[in-house]
Every structure is written in structure tokens, then in C-alpha cells.
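[1] Sequence plus the predicted model coming up.
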Number of protein chains: 2
Amino acid sequence: MKNRPYHHGDLATELLARAEQTLREKGAAALSLRELAREIGVSPAAPSRHFKSKQALLDALALGGFERLAEATAASQREVGESFAERLDAAARAYVGFTLANAALVDLMFSVKHSPEASEALRAAAGRWSEQLFELIGAGQRRGEVREGAPERVTLPVFAALHGYAGLAVSGMLPAEMAEHGLDDVIASILRQCRPE
Amino acid sequence: MKNRPYHHGDLATELLARAEQTLREKGAAALSLRELAREIGVSPAAPSRHFKSKQALLDALALGGFERLAEATAASQREVGESFAERLDAAARAYVGFTLANAALVDLMFSVKHSPEASEALRAAAGRWSEQLFELIGAGQRRGEVREGAPERVTLPVFAALHGYAGLAVSGMLPAEMAEHGLDDVIASILRQCRPE
DNA sequence: CTACATTGTGAACACCGCATACATTCGAAG
DNA sequence: CTTCGAATGTATGCGGTGTTCACAATGTAG
């Protein structure tokens, strides 16, 4: 009856793909392992062979999100000028754009609830990405376009502003008049706070 | 057998209270109407008389959160000096303190998922609170301690930085060396970006 | 070819949110 | 005070969920 062989071949990746699709369309809360299995045409217990719990599936999604975010950030820096203002602008728009395009996923990534062992991998992936921000700031400092100071202590406020703006925009809590110039204003304020004396 | 009368007397408020407690202790996902009813000693369907759905209960919690946040912010401004630096510092610590002390609740407040009619009330409560921030910035401008500009466009980056820092801190994504001076650095950067030319 | 590890199945369990029909209590109008 | 409707709590059931277990089918290494 079923044309599908007994073994699916690559259930894990198809689970992740479909999960991310439903995540995007209906949010994290509406994600159901059983429904996923039903869509793929596999028994309800099959997913548990690849993800020992629903949380594990979510952790895997979050991990992939960080990797893609890191890639998007790197890409934004590849074809842009060398001035700090340009590079920051590109990185900021890459980050906020990614967040707006993957709201539920980003929510997952920065969610508090992660299984302890996944937390390690997540922290690592997040670190691999935030290093790009350190490097961005560091380069600006070397060019004399960013004020002096320990890179982490200069980078944190920058990143916080971006993260905060993206979160506010996604939550729909921004009145229209703020959303319009919102990102521009945030970027401008970051440049102002980074300026050397 | 039961000493409790047939009518509980104030089920709605006790539901909210217990819900917030479990929210704090075990997170939003672990919140169950049935378990709440069990704890209070009432039938599983009883809560539905006061909150037509689980989402309605969550909306009510979020609403209360905004009100308490507004109150905490107002309190932070009552017994503090008049300089912008002092007032911003107080408001910032009030906001970040509130989110750290009520992480899951704040998550709920800024979550995307709200029933349409609750969104209105939520937006209103959020507005009542954000007006305090506008006023904070406006007062700073009148004192000549904050750069000129439309209040919304000056306030947004300020609030974004605070919101973003709180989110990062809560998510545990901050390395130790950042978390230490983190808030201080964010506040300093806000002051820098607000400074007149 | 045989043994073992991997992957998918089927049934079961204990939950959950929600809806419906019914019971009890409260409060106001007559 | 009685009555009668509204508010509140109960009992039960439905369809859904995540997770676990024993078992079956398939792949793979020796």
C-alpha cells in the first residue's frame, strides 16, 4: 500500500524541515510531534528515535537558527565597505531582518528553556556568532572610529539595542510612528554611543 | 467533608495568584488550568467560568504585569534626584530588576500571541507605562541634558537597549564577564547616546 | 550467513484544554 | 419572604498531546 519503504531514509532532517515550517506558520506552541509524524506519514513514536523529547527537537531547531544567523551576519559583511558605520549598518539590518523573518525561531533561540546539555551547544553556537560582533567593534576601534574600551563592554550595549529593537518590533508593541524610522534611529543611536570623544 | 463552601468566593483572583506562582516557579509552558483547579480544590471546569480559555488567563496575567511594571517604574522616580542621569539610572534598574524578578511574566507580556481583544487592553497598559519613559526623556530635554528630537524617536533606542539587555540577561546567554558590568555599561551607553552635542 | 544495531510500529498511559448538561448558591424584583 | 434568573461550581466526555514499552522490519559488520 505505502510506496514509502519501511525506513524513511532521513527522518531527522525532514522532521526539522517540517517543524520549522509549522513554526513559521503557526508558532512554537502549535508544534506537535504527533502531527509532524502524521504529515510525514510515519508512526507517532517514530520521531522519538531521532529526538528523545519535544524539547530536544526545539533545541535542534534553535541550534540551526544560530548557525544560519551567523552565516547571514557573515554574508552581510562580505560585500560592504570598510567604514564602521557601513559595516554596523549592514550587520544591524542583517540581524533585525533575520529576526523579523524568523520571529518564532529567534524566540526559541533566546528562550530560557533548554535542556542542560543542549545549552552548552547553544551557547557555543551563539558564541560563534557573537564573535563576529566583537570583531566588528574591534575593527572599528582599530580604525579609530569607535571609542576605546574592552570589546565585550563596548559590544554588549550595541547588541542589546539591536536585540531589544527586534524583540519590540516582533511583538507588535511599537506604535506605527516608531516602527517607521525605528531601525534607522536605533542604528543612529548606536553610532552615537560608539563615537570616540 | 469539604469545609469549603460551594462557591469559592474569589476564584478569579486566586487563579491569577496561583497561576503567577507556577509561572514563576515552572514557566509558562508548565501552566495547566486543570492543575490549578486541583491545587485550589475545585472542579476542572470551574476556571472556565472566569477565563474563557487558557489564553485569556495568560492575557490577564500579562495585563497585571504591565500594571505592576508601570507602578514599579513610577515608584523608582518618586524618591530620586532631578538630574536626567539619576532618573534614567533609577528607571533602568527598575525595569531590568522587574524583568529579572519576573522573567516568565515579562516573556508573556511581550509575547506575540494574544487574543485580538486582549491586545487592545495590553497595548493600552503598555502605553500607560511607556508614557513614563517619554516623560523621562522629555524632562531631560527640557533640562537641556538630552539631545533634541521627537520624543518617540529619542526614546525608542533607549528602551530598546534596556529591553534587549534584560532579554539577554534572562536568557542566560551572557558570559560572566559581560553580566558583571552589563547593566552599568548599558546605562552608560544610553547616557552617551542621549547627550546633547 | 549470522549477529547486532538502527529505525519504524502499535498500543497504552497519563495528562491536557474545552464543551455540554446539570446542580447549587446568590441577589434582586415583586 | 418568595421567586426566579444570573452567576458560579460540578460531572462527564471528546479529541488531542508527549512519552514509554515491547515488538517488527531493515540495515550492516564480521
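    Received, thanks. Numbering: from 1, shown residues only, chains lettered A, B, ... in the order given.

[2] hmm, who's touching stretch A:78-93?
    Residues outside stretch A:78-93 that contact it (C-beta atoms under 8 Å, 6 or more residues apart in numbering or on different chains): A:73, A:76-77, A:132-133, A:136, A:139-140, A:143, A:145-146, A:158, A:162, A:183, A:186-187, A:190-191, A:194. Any C-beta I mention is one placed from the backbone N, CA and C, and that applies to glycine too.

[3] Show me which positions of that stretch end up buried.
    Using 16 or more other C-beta atoms under 10 Å in any protein chain shown as the test for burial, stretch A:78-93 gives A:84, A:87-92.

[4] Show the buried residues in the contacts of stretch A:78-93.
    A:73, A:76-77, A:132-133, A:136, A:140, A:145-146, A:158, A:162, A:183, A:186-187, A:190-191, A:194.

[5] For chain A, what lies in contact range of DNA strand D?
    A:5-7, A:31-35, A:44-45, A:48, A:52-55 (C-beta under 7 Å from any atom of the strand).

[6] For the buried residues of stretch A:78-93, give me TSV that also has secondary structure and distance to A:L174.
    Formatted as TSV, these follow (DSSP: H, G, I helix; E, B strand; the rest coil; distance: C-beta to C-beta, whole Å):
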residue	secondary structure	distance to A:L174
A:F84	helix	27
A:R87	helix	26
A:L88	helix	21
A:D89	helix	20
A:A90	helix	23
A:A91	helix	21
A:A92	helix	16
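
[7] Which residue ranges make up each domain of chain A?
    A:1-51, A:65-194 (automatic domain parsing).

[8] Would you reformat those as CSV and include mean pLDDT?
    CSV is the format used below for these (pLDDT from 0 to 100):
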stretch, mean pLDDT
domain A:1-51, 90
domain A:65-194, 93
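
[9] Just give the number of residues close to the closest residue to A:G127 other than its chain neighbours.
    Computed as C-beta to C-beta, 6 or more residues apart in numbering or on different chains, the closest residue to A:G127 that is not its neighbour in sequence is B:P175, at 7.8 Å. Here the number of neighbours of B:P175 (other C-beta atoms under 10 Å in any protein chain shown) works out to 14.

[10] Closest approach to chain B from chain A, which residue is it?
    A:G164 (2.6 Å; C-beta to the nearest C-beta).

[11] Report the separation between that residue and DNA strand C.
    31 Å (C-beta to the nearest atom of the strand, to the nearest Å).

[12] all helices for chain A, in order.
    Taking DSSP state H as the criterion, chain A contains helices spanning A:11-26, A:33-40, A:54-78, A:84-101, A:103-109, A:116-142, A:151-170, A:176-194.

[13] so of those helices, which one's packed in deepest?
    Stretch with highest mean neighbour count among those: helix A:151-170 (a mean of 24; mean count of other C-beta atoms under 10 Å in any protein chain shown).

[14] and the angle for that helix with helix B:151-170?
    Orientation check (axes from the mean of the first three to the mean of the last three C-alpha atoms, to 10 degrees): helix A:151-170 against helix B:151-170 gives 110 degrees.

[15] Distance from the chain centre to helix A:151-170, please.
    13 Å (C-alpha atoms, centre = their mean, to the nearest Å).

[16] same deal with stretch A:101-111?
    Distance, centroid of stretch A:101-111 to centroid of chain: 6 Å (C-alpha atoms, centre = their mean).

[17] same thing with stretch A:71-83?
    17 Å.

[18] what does stretch A:114-125 give?
    On the basis of C-alpha atoms, centre = their mean, stretch A:114-125 is displaced by 14 Å from the centre of the chain it belongs to.

[19] that older thread, if I read this right, the residue of chain A closest to chain B contacts B:V158, doesn't it?
    No: between A:G164 and B:V158 there is no contact under C-beta atoms under 8 Å: 9.6 Å.

[20] Can you tell me the closest non-neighbouring residue to A:G64?
    Setting aside the residues directly before and after it, A:G64 is nearest to A:L16 in space (C-beta to C-beta, 6+ apart), at 6.8 Å.

[21] For A:L174, give its distance to DNA strand D.
    From A:L174 to DNA strand D the distance is 32 Å (C-beta to the nearest atom of the strand).

[22] Identify the residue nearest that residue in space, chain neighbours excluded?
    In space, A:L174 is closest to A:L168, 5.4 Å off (C-beta to C-beta, 6+ apart).

[23] Could you confirm whether any residue of stretch A:99-114 contacts chain B?
    Yes: judged by C-beta under 8 Å from any C-beta of the partner chain, stretch A:99-114 comes into contact with chain B at A:103-104, A:107, A:110-113.
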